[in-house]
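K.L.:
Give me coordinates for this.
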Amino acid sequence: MGILKPRKNKKFGYEPRHYNNDGEGSPFQMEHKFDKYRTTIGDGNNLKAKFKMALEDFKSTSDKKTNKRVLLIILILILVFLFIIDFDLSIFFN
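P.N.:
Take a look at the predicted model:
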């Protein structure tokens, strides 16, 4: 015990059991499976920039059936919401 010397911390060379030493990245970094394919992840600081990137990504998809399906689901949800709040839809019809 050194009274005048500061105590040194112990160092451990921890290596996870199922980690390959092939240099495939850090085993401690959590990353989603599809992060490399998403355009909305990254430098977008504000909500407006993220919304624009998501809208561009939605427009750039080549699958038109998916876009129509999403729009149909949104329309159905809006109609259900209007039914729940007891909105009178007769103002749209003669």
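
K.L.:
all strands for the protein, in order.
P.N.:
Assigned by DSSP state E, the strands in the chain number zero.

K.L.:
what's around K10, how many residues?
P.N.:
Using other C-beta atoms under 10 Å, K10 is surrounded by 5 other residues. C-beta here means a position set from N, CA and C on the backbone, and glycine is covered the same way.

K.L.:
where does it land on pLDDT?
P.N.:
pLDDT recorded at K10 is 82.

K.L.:
How about N46?
P.N.:
pLDDT, N46: 82.

K.L.:
if I look at it, how far off is M53?
P.N.:
11 Å (C-beta to C-beta, to the nearest Å).

K.L.:
Looking only at neighbour counts, state which of the two leads.
P.N.:
More crowded of N46 and M53, by other C-beta under 10 Å: M53, with 17 against 8.

K.L.:
Give me the distance between the more buried one and K59.
P.N.:
Counting by C-beta to C-beta - M53 and K59 are separated by 11 Å.

K.L.:
next one: K52
P.N.:
11 Å.
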